[in-house]
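In: I would like the atomic coordinates for the input below:
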Amino acid sequence: MAATTAMQSVLGSSIAYGAAGNNRSLNLRSTVPASYAVSSYLRVRSMAEDGQKKQPTTVTKASKNPQPAVPSPSPPKFSDVFAFSGPAPERINGRLAMVGFVAALAVELSKGQDLFAQISNGPGVPLFVGTSILLSVASLVPLLKGVTVESKSDGIMTSDAELWNGRFAMLGLVALAFTEYVTGSTLV
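Out: Predicted coordinates for the structure are as follows:
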């Protein structure tokens with residue numbers, strides 16, 4: 001079947017023997033995929049055109065050990081990772097929102113401070129900046145090495161579940177801030 005497919009593609013193309021009125025040789029190694037290569041001789045014949053005495057033929061020796069060319073994946077560029085549709089922006093923002101939402105609710109329950117008081121009083125800003133830097137770097141290192149999140153997800157902990165949890169945490173953090181601003185008190 002592989003030889004039939006290769007022959008149909010070779011003979012059906014415009015570079016078949018005698019297509020332009022002269023003899024041409026055809027390199028079958030470049031037209032047959034390496035996985036179809038056979039360790040035997042292959043003879044290709046075509047019909048003689050008007051005025052030709054002999055049919056042109058080509059004999060090739062297929063490779064004994066075909067090595068399919070597999071390009072090595074290069075790590076993505078920094079600009080590709082941070083592109084609008086890249087893997088980093090939504091994932092990092094979602095992870096930060098999940099940590100921030102849980103931390104904001106925990107501080108509200110333990111100290112009774114609303115979100116704005118947490119940010120303005122005490123160690124809120126340095127902790128936020130430190131956590132942001134730590135989670136961003138921890139998220140970027142595998143992405144810049146070329147490891148995809150989809151390759152490391154299985155079971156219920158999938159990459160799609162993480163994206164949705166991050167989206168809900170972003171919405172929850174905005175809703176928490178808005179509710180506390182409107183009511184003027186803590187939510188919990």
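In: quick one: the strands in this structure?
Out: Counting by DSSP state E, the chain forms strands over residues 41-45, 57-61, given from the N-terminal end onward.
In: Show me which helix or strand of the protein is least confident by mean pLDDT.
Out: Evaluated with mean pLDDT, DSSP states H and E, the helix-and-strand set of the chain has its lowest mean pLDDT in helix 2-11, which scores a mean of 47.
In: Can you flag the weakest of the strands of the chain by average pLDDT?
Out: Ranked by mean pLDDT, those bottom out at strand 57-61, which scores a mean of 55.
In: mind listing the helices in this protein by residue range?
Out: 2-11, 78-81, 88-111, 115-120, 124-144, 159-183 (DSSP state H).
In: Output the below-cut-off pLDDT ranges for the protein.
Out: Under the criterion of pLDDT under 70, the regions of the chain flagged as low confidence span 1-73.
In: E150: which of the helices of the chain is closest?
Out: With CB to CB as the criterion, E150 lies closest to helix 159-183 of the helices of the chain, at 5.0 Å. Yep, even glycine has a C-beta here, placed from its N, CA and C like the rest.
In: Give me the buried positions along the closest one.
Out: 159, 162, 166, 169-170, 172-173, 176-177, 180 (16 or more other CB atoms under 10 Å).
In: Next, the angle helix 88-111 makes with it.
Out: 50 degrees (axes from the mean of the first three to the mean of the last three CA atoms, to 10 degrees).
In: elements contacting helix 159-183?
Out: Helix 159-183 is packed against helix 88-111, helix 115-120, with contacts defined by 3 or more CB pairs under 8 Å, 6 or more residues apart in numbering; DSSP states H and E.
In: need these in a markdown table with mean neighbour count and distance to L135, can you?
Out: A markdown table is the format used below for those (neighbours: other CB atoms under 10 Å; distance: least, CB to CB, whole Å):
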| stretch | mean neighbour count | distance to L135 |
| --- | --- | --- |
| helix 88-111 | 17 | 5 |
| helix 115-120 | 16 | 18 |
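In: Let's have those in a markdown table, adding distance to S74.
Out: Formatted as a markdown table, the helices and strands packed on helix 159-183 follow (distance: least, CB to CB, whole Å):
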| stretch | distance to S74 |
| --- | --- |
| helix 88-111 | 17 |
| helix 115-120 | 41 |
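In: closest to S132 out of those?
Out: Proximity to S132 (CB to CB) singles out helix 88-111 among the helices and strands packed on helix 159-183, at 5.8 Å.
In: about what we covered before: next, format the helices of the chain as CSV and append distance to S151.
Out: CSV is the format used below for the helices of the chain (distance: least, CB to CB, whole Å):
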stretch, distance to S151
helix 2-11, 31
helix 78-81, 15
helix 88-111, 14
helix 115-120, 36
helix 124-144, 10
helix 159-183, 9
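In: mind checking which of those helices is nearest S153?
Out: helix 159-183 (4.5 Å).
In: residue contacts, A138?
Out: Residues in contact with A138 (CB atoms under 8 Å, 6 or more residues apart in numbering): none are found.
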